[in-house]
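Peer 1: got a structure for you, letters missing:
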């Protein structure tokens, strides 16, 4: 009789193990033929059986292969964006059981490479759901999907870029900054990252960090003009003409046919009183684009100021019978220079008829040259704009 009882116990144990194995096998088979609802039912049953077995015999823990397959099946259920599994929240369960799989350790039922593959699959679907949520204006949900996805695939730059975009939309500055800094740490080659970081640090008043970001971006993307513009803008604000001059020359090396860059170069030269190089830069700007109003106006001002300096020197001379011939000759010379400024101002006005500074300059030059009718015409146009 005792022997019969022992045999019954063995039979009972075999049946329990076999039942659990059968449910897991059924879950796998259903998964492979894309019957996910059936696979879900079977893997849940397999887990229930395994839990019951563990409660009866704590020395036999739940096989991590069950956790692995539950995570795998629920991950695929997570693709669905309808309300079918809304209450279930399968991706949350997939993430939970992936963590359980990792905690339980290896199993004969799956390889480490398969676990890595599952991690990538979870990240992909989380990213997909993040994109769908964003398109549906669910920005909080979108951000949450992308944040979890980044934990599964920390090497995927697209997650951090998406996090930055969505968090910025939600005005979550700390989250945005963290994502952008992560992309910088990963040397992500997109000027958007460095533009946003530089803007953030500018608003925060941290110019040291701002410059560090700009220089990092310039080194990473030396041919990108957007980041170069950031650098130029920084040095303009800091009034650092030496560095600014160097940055603009670098920009010209990259874009030798850019009229605006030569205009800016001329402005810097003029600011540092290097008038000869300023004139060369303005003329080069006009050679590349004869309609560049800024270069036309600045060139006119350069010539006009040259004439004014001549007037100033002439006025230092005493007026008497001996100096009068010399003064008359100097007047002719500086009036000639004033006339040389006229074509620049006139062309500038032609391309931008509403520019007040150009009208004022033309009125002044014509008055000096005793062209009073024209001077009055320009004043009339100026007053009409006012």
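Peer 2: Sure, I can see it. All of these numbers come straight from a predicted model, not from anything done at the bench. Numbering: from 1, shown residues only.

Peer 1: which residues touch residue 143?
Peer 2: 130, 163, 166, 167, 170, 172, 175 (CB atoms under 8 Å, 6 or more residues apart in numbering). In short, each C-beta sits where N, CA and C put it, glycine included.

Peer 1: Which strand or helix spans the nearest residue to residue 295 once chain neighbours are set aside?
Peer 2: Closest residue in space to residue 295, ignoring its immediate chain neighbours: residue 285 at 3.9 Å, by CB to CB, 6 or more residues apart in numbering. Residue 285 is part of helix 275-288 when elements are defined by DSSP states H and E.

Peer 1: in the next helix or strand after that helix, what's buried?
Peer 2: Under the assignment DSSP H and E, the closest C-terminal helix or strand after helix 275-288 is helix 293-315. Applying a neighbour-count criterion of 16 or more other CB atoms under 10 Å, the buried positions in helix 293-315 are 293-304, 306-307, 310, 314.

Peer 1: about what we covered before: could you say what helices and strands the helix holding residue 285 packs with?
Peer 2: Applying 3 or more CB pairs under 8 Å, 6 or more residues apart in numbering; DSSP states H and E, one finds that helix 275-288 contacts helix 259-271, helix 293-315.

Peer 1: what does the shortest one rub up against?
Peer 2: What it means is helix 259-271. For helix 259-271, the external contacting residues (CB under 8 Å, 6+ apart) are 232, 241, 244-245, 248-249, 251-252, 255, 275, 277-282, 284-286, 288-289, 292, 294-295, 298, 302.

Peer 1: For burial, what's the neighbour tally of residue 370?
Peer 2: Applying other CB atoms under 10 Å, we find 8 other residues in the vicinity of residue 370.

Peer 1: Same check on residue 159?
Peer 2: As a measure of burial, residue 159 has 26 neighbours, counting by other CB under 10 Å.

Peer 1: Equivalent analysis for residue 373, please.
Peer 2: Applying other CB under 10 Å, we find 7 other residues in the vicinity of residue 373.

Peer 1: show me what contacts the spatially most central residue of the chain?
Peer 2: Central residue check for the chain by CA atoms, centre = their mean: the C-alpha nearest the mean position is that of residue 192, 1.7 Å away. Contact analysis of residue 192 by CB under 8 Å, 6+ apart lists residue 161.

Peer 1: element containing it, please.
Peer 2: Under DSSP H and E, the secondary-structure element containing residue 192 is helix 191-203.

Peer 1: Tell me the buried residues in the helix or strand that that helix is followed by?
Peer 2: Sequence-wise, the next helix or strand downstream of helix 191-203 (DSSP H and E) is helix 207-220. Neighbour-count burial for helix 207-220, with 16+ other CB under 10 Å as criterion, is recorded at 209, 210, 211, 213, 214, 216, 217, 218, 220.

Peer 1: which of these lies closest to residue 35?
Peer 2: Using CB to CB, residue 220 is the member of the buried residues of helix 207-220 that sits closest to residue 35, with 48.7 Å.

Peer 1: That closest one is in contact with residue 190, isn't it?
Peer 2: No. Under the criterion of CB atoms under 8 Å, residue 220 makes no contact with residue 190, lying 9.7 Å away.

Peer 1: returning to what we had before: test my guess that the residue nearest to residue 295 contacts residue 296.
Peer 2: No. Taking contacts as CB under 8 Å, residue 285 lies outside contact range of residue 296: 9.0 Å.

Peer 1: got the contact list for residue 67?
Peer 2: When contacts are counted by CB under 8 Å, 6+ apart, residue 67 touches 97, 98, 100, 101, 104.

Peer 1: Oops, could you answer that again for residue 250 instead?
Peer 2: residue 228.

Peer 1: how much space is there between it and residue 319?
Peer 2: Relative to residue 319, residue 250 is positioned 52 Å away (CB to CB, to the nearest Å).

Peer 1: Before we move on, what's the pLDDT of residue 229?
Peer 2: For residue 229, the pLDDT comes out at 82.

Peer 1: okay, now it: neighbour count?
Peer 2: Under the neighbour criterion other CB under 10 Å, residue 229 is assigned a count of 15.

Peer 1: Can you tell me the closest non-neighbouring residue to it?
Peer 2: Using CB to CB, 6+ apart and skipping residues adjacent in sequence, the residue nearest residue 229 is residue 251, 7.8 Å away.

Peer 1: Name the secondary structure element that contains the one you found.
Peer 2: When secondary structure is defined using DSSP H and E, the element that contains residue 251 is helix 241-254.

Peer 1: Now that helix: buried residues?
Peer 2: Taking 16+ other CB under 10 Å as the neighbour-count basis, helix 241-254 is seen to contain the buried residues 244, 245, 247, 248, 250, 251, 252.

Peer 1: what about residue 256, distance to residue 233?
Peer 2: With distances taken as CB to CB, residue 256 is found 21 Å from residue 233.

Peer 1: quick one, which of the two is more surrounded?
Peer 2: Just comparing residue 256 and residue 233: by other CB under 10 Å the higher neighbour count belongs to residue 233, 15 against 11.

Peer 1: which other residues reach the strand or helix carrying the more buried one?
Peer 2: For residue 233, the enclosing helix or strand under DSSP H and E is helix 225-238. Defining contact as CB under 8 Å, 6+ apart, one finds that helix 225-238 is touched by 191, 194-195, 198, 207, 210-211, 214-215, 217-218, 221, 241, 243-244, 247-248, 250-251, 254-255, 264.

Peer 1: in the stretch 51-200 of the chain, which ranges drop under the pLDDT threshold?
Peer 2: Of all residues in the stretch 51-200 of the chain, those with pLDDT under 70 make up the ranges 106, 108.
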